[in-house]
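K.L.:
Let's see this in three dimensions:
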Amino acid sequence: MRSILLAAAGIAFFGTGAASAQTLNPDQARAFVVGRTFAFSCFEGSTGAGRVFPDGSVIGTITFNSQGSARFVRLPPNTVRVRGENVCGFVDGMTFEPCFEVVKTGAATFRGQLAGVETMWCDFTRLSTENPKVASRRKARPSVSAEASAE
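P.N.:
Residues are numbered from 1 along each chain as shown. Now for the predicted structure:
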């Protein structure tokens, strides 16, 4: 559960303090991240992609430890919220609410770490706006050329 929270909340806002990085306050982080789709890769091998919405809800996919199929994740409004100068991730049933520091590492990237724990991080890269879909429950239809070649 810790990995899914770290990744899902990280889809929204994360950061670390690299020398050339720009530390973002919550308002700056919101402007940089909300409504955009990011791919992520975390310290323990989890990968995925997702988007945070203005209400703090999160939708995306995650593959744990780079093994198996991607799993669809939908977290409700107010999952990602501001606590002081940090962005925190609330998941019902967790015994604590982890918070994250936010640092922009490039024009379309940021790296995140659990506040106070330098060894727990995720790297995020903004995906192209041409294809913002991160998940679908429908199976792809075969293309016309695939159907023709099957006959």
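K.L.:
okay, CA-based contacts and neighbour counts for the rest of this
P.N.:
Fine.
K.L.:
mean confidence for the strand ranked longest in the chain?
P.N.:
In the chain, assigned by DSSP state E, the strand with the most residues is strand 99-106. For strand 99-106, mean pLDDT is 88.
K.L.:
What residues of it count as buried?
P.N.:
C99, F100, E101, V102, V103, K104, T105 (16 or more other C-alpha atoms under 10 Å).
K.L.:
Need the max-distance pair from the residues you listed.
P.N.:
For these, the maximum inter-member distance is 18.8 Å, found between C99 and T105 (C-alpha to C-alpha).
K.L.:
Distance to A21 added to the buried residues of strand 99-106, as a markdown table?
P.N.:
Shown next, in a markdown table, are the buried residues of strand 99-106 (distance: C-alpha to C-alpha, whole Å):
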| residue | distance to A21 |
| --- | --- |
| C99 | 19 |
| F100 | 15 |
| E101 | 12 |
| V102 | 10 |
| V103 | 6 |
| K104 | 6 |
| T105 | 5 |
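K.L.:
Given the helix or strand just after the longest strand of the chain, what are its sheet partners and their directions?
P.N.:
For strand 99-106, the succeeding helix or strand toward the C-terminus, using DSSP states H and E, is strand 109-114. Strand 109-114 pairs in its sheet with strand 99-106 (antiparallel), strand 121-126 (antiparallel), by DSSP bridges.
K.L.:
out of these, nearest to F32?
P.N.:
strand 99-106 (8.5 Å).
K.L.:
Tell me the gap between that closest one and the middle of its chain.
P.N.:
12 Å (C-alpha atoms, centre = their mean, to the nearest Å).
K.L.:
Same check on stretch 55-71?
P.N.:
That offset, for stretch 55-71, works out to 8 Å (C-alpha atoms, centre = their mean).
K.L.:
in it, what's buried?
P.N.:
Taking 16+ other C-alpha under 10 Å as the criterion, stretch 55-71 shows G56, S57, V58, I59, G60, T61, I62, T63, F64, A70 as buried.
K.L.:
The residues you listed in strands, which ones?
P.N.:
V58, I59, G60, T61, I62, T63.
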